[in-house]
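In: got a predicted model here, sequence first, then my questions.
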Amino acid sequence: MQPLSSREIREKFLEYFEKMDHLKIGASSIVPQNDPTLLFINSGMAPLKNYFLGKETPPSPRLANYQPCIRTKDIDDVGDRHHLTIFEMLGSWSIGDYYKDKACKLAYDLLVDELDFDPKRLYFTVYGGNEDLGIKPDTESIEAWKKCGVPEDHIVVLGDDNFWGPAGDHGPCGPCTEVFYDTGTEYGPEYKPGGHFDDVSRYIEIWNAGVFMELNKKKDGTFEPLPLKSVDTGSGLERLAMVMNGCDSVYETDLLAPLMQLSKELLGKNTDVQTERMISDHMRASIMILGEGIMPGNEGQGYIPRRLIRKCVAACISRGVKPVFKKHIQKTIEMLGDYYPQLKSAREAIIYNMEQEINEFVPIVENGLKKIEEELSTNPKSKELFPGHVAFELVTTHGLPLEVIKAELASKNIEFAEIEYNECYEAHRKASRVISRKGGVAADQERIELEFIEVDDTEFTGYDSLETDSEILKIYRDDETTYFATKHTPFYGESGGQAGDIGTARTATGELQILDTMKVKNVHVHVAKVISGEIETGEKIELIVNEDNRKASMRNHSATHLLHSALHEVIGKHAIQKGSMVTADRLRFDFQNPQAVSNEELIKVEALVNKWIMQNDSRTTKLCSYEEAIDSGAMALFGEKYDSDVRVIAFGKDSVELCGGTHVGRTGDIGLFVITSETSVAKGIRRIEAVTGSAAIKVMQERSALLNAAAKELSTKPTEVPARIKDLRSEMKKKIKEAQAKAAQGGSTEFKKEVKRDYEGFKLFAATMEADAKAVKEVGDNLINKGDYQLICLLTKDEKGMKSFVWSNSDVKAGDFLKKILEPVSGRGGGRPNFAQGGAPDVNSGTQVIEFIESL
């Protein structure tokens, strides 16, 4: 067998299947699209699930590709010869075409004739059936292998390990047949028919040569036949490269060896092979996930990179090594960037997110190790057996990974009470919620999707025209709402953050108002209200988009592209888009950033967008392959599902982005861009809201009017308003300090209106003041402490209303007295028996309260 590089293996695999009439398709994102059953793509077949279910038509009945896959269940097994968190799957598929005989022959011929495998070292496993589930043994695969010349003693019948799927809780599945390579006697005893088949050490699986998709597992756990029989194959590239190059493990292949060398250099004299393998695998997986725009987090998809990165950080710190993985990032992108170009585009974001996570976690580890030392110094028995409950508290309360605790104790030759720890963990697990990925659609939308899922794709004509004559293909009515699809439409269906178009439609027998347009796969579904008459399937229909609404949406959509680029320029390339919403009224743009964008930065962003608008750059639209677009520097929303051919929208050299939405012809058409707010959406995610065009002009006019009104109120020029406000604030602070100083000295304080009298046998003092709440409270505290009065009521005001405070050192409860005096002015308040506070909306109601107190 001739050694081949991983690049050569990929090429030979795809060339072979293309020669066998298979269509080569691109790899999908590792982030599932509209599949709530999966956290990440875990097999080559997962992105193609709808083809096997018959819900979508494949571009060819025979397909082949390579696909990155993540297996989170293997995280704790990483470090042996062949387990990985992320791996590349070489896959081939027959969807309703050939079946078991052909699949086995294709696999055998590729391995033996094309890749020169020694057939004597190949073993083939088949499914032995399951009587409880009513599934018969796979005798067809046995006969298929025999036809290829495989001796019977090289065919191994196994149980549930040879029943694959589904890729989630339910879906397509079936028996499978796998190919194993005998790595030699040094790895274990030889297989004897009827005996144990060692599929861990000696016999390494190199290809699942046929998952025979003939069953659909339903949500209730039962099985039903699929509408068509299909074949799904998958060969792990790393394992194939391992056996073809005579490597002891996948970590010696060219896919991981360079990362292993970096891990070894990082760990230095404290290195060990197990940790080198763990760091190499976990870094590669984390980089691929971060490259898809997934940020480390405490739940869902973000939990996986967080767990992987933190395991690597902990391994370094526990060995006294500074965790720096920038070289791992650069090497991974260098090795995989040609196959997964999104890694190149996301380089800065990957580095940024990695460093953020490391910087956040390092203090946690250092603090945890310190607490281990504290436990050992205060509890001598811990040096003999470290308590499990203490370890569990370190994990759950302080965030210290168990691996770090074990490594630290092992370095000190201290045993760990693992049974006690597991008992604590189990009790906690039962009381905790399971981390899960949220997904799914609303019931109404799901029903609409079912109605239109099999309708022919709509031809969208709205890039060039706002009016089209077409034919109605499907109508669905729900109460007063009518949903319909046509052959062609100028109406943009909501997608990519852009709202659907609105407008009107007419037939010979009816007139409709289009309220919205949605998309079901590639079908544009018009959401309408019938104004008059009726419409029927097959009728000719005239479709007219509301021009003003569309143009407003286009201005806002194009502005989000410029905003995205401006954020990259001003705050950094890590500020990748995490979501958007574009309507005719406004735009909303979510992006990654750990803290609020400063006012200075917002001003720069707004100015830069408007600069590009004034440049009046024309829009260019280019159709090309996804790989070509990314290589050219176009920005993409990683995690989005793109076709093999994509649409690139460019405004000059400043904004180049993949997008299927509608846009202005020139940046000058946007008119004006104004940011209205910047807020937090979630940890590490910020949101900017803005307006363009006439809406932006309106906002500027309103702001100007407010500024002029403020200037008039302050008797100054608009340009001098900030300085005047600053002076007033200084004057107010000065008065407050003077009032506080007088109160502290027990001297007289400037009370505007005073009341001194007896109330229910106690001395009462009430007054109004001109001071802020803090100063008033200090004055009241001093007065009540002096003891001259047992009941004190002070009132002040601010721009929001009148504020009132009551102190009591008597049988009269402060809260009761406060409520009584606020009742005449419709005020509210409450508090403790000795202190209460409240207020009323009328800023001038303090005098009225004083007068009421006088009348008591």
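Out: Received the coordinates, thanks.

In: ok, the nearest residue to residue 185 once chain neighbours are set aside to residue 358 distance?
Out: Nearest residue to residue 185, sequence neighbours excluded (Cβ to Cβ, 6 or more residues apart in numbering): residue 202, at 7.9 Å. C-beta: built from backbone N, CA, C; applies to glycine. Using Cβ to Cβ, to the nearest Å, residue 202 is found at 39 Å from residue 358.

In: again with residue 217
Out: 41 Å.

In: which element follows the lowest-mean-pLDDT helix or strand in the chain toward the C-terminus?
Out: Least confident helix or strand, the chain: helix 443-452 with a mean of 74, by mean pLDDT, DSSP states H and E. Where DSSP states H and E defines the elements, the next helix or strand beyond helix 443-452 is strand 459-460.

In: need the residues that contact that next one.
Out: The contact list for strand 459-460, computed with Cβ atoms under 8 Å, 6 or more residues apart in numbering, reads 487-490, 492-493, 524.

In: turn the residues you listed into a markdown table, columns for secondary structure and pLDDT.
Out: Listed next are the contacts of strand 459-460 as a markdown table, based on DSSP: H, G, I helix; E, B strand; the rest coil; pLDDT from 0 to 100:
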| residue | secondary structure | pLDDT |
| --- | --- | --- |
| 487 | coil | 96 |
| 488 | strand | 95 |
| 489 | strand | 97 |
| 490 | coil | 97 |
| 492 | coil | 96 |
| 493 | coil | 94 |
| 524 | strand | 96 |
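
In: chain center to the helix or strand containing residue 125, what's the gap?
Out: Under the criterion of DSSP H and E, residue 125 resides in strand 122-127. Counting by Cα atoms, centre = their mean, to the nearest Å, strand 122-127 is centred 40 Å from the centre of its parent chain.

In: pLDDT on the helix or strand just after it, on average?
Out: Once strand 122-127 ends, the next helix or strand along the chain (criterion: DSSP H and E) is helix 139-147. Here helix 139-147 scores 96 as its mean pLDDT.

In: now do helix 139-147: everything it contacts.
Out: 100-101, 103-105, 108, 124, 126-127, 152, 155, 157, 175, 177, 210, 212.

In: mind giving me the PyMOL command for buried ones among these?
Out: Burial among the contacts of helix 139-147 is assessed by 16 or more other Cβ atoms under 10 Å; the matching PyMOL selection reads:
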select buried, resi 100+103+104+105+108+124+126+127+155+157+175+177+210+212
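
In: quick one: which of the contacts of helix 139-147 sit in helices?
Out: Using DSSP state H, 100-101, 103-105, 108 are the members of the contacts of helix 139-147 that sit in helices.

In: need those residues in TSV with pLDDT and distance to residue 187, can you?
Out: Formatted as TSV, the ones in helices among the contacts of helix 139-147 follow (pLDDT from 0 to 100; distance: Cβ to Cβ, whole Å):
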residue	pLDDT	distance to residue 187
100	95	30
101	95	32
103	95	28
104	96	26
105	96	29
108	96	24
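
In: which among the residues you listed gets closest to residue 581?
Out: residue 103 (46.3 Å; Cβ to Cβ).

In: wait, the closest one touches residue 233, no?
Out: Yes: in terms of Cβ atoms under 8 Å, residue 103 counts as a neighbour of residue 233; the distance is 6.7 Å.

In: of the contacts of strand 459-460, which is the most crowded?
Out: residue 524 (29 neighbours; other Cβ atoms under 10 Å).
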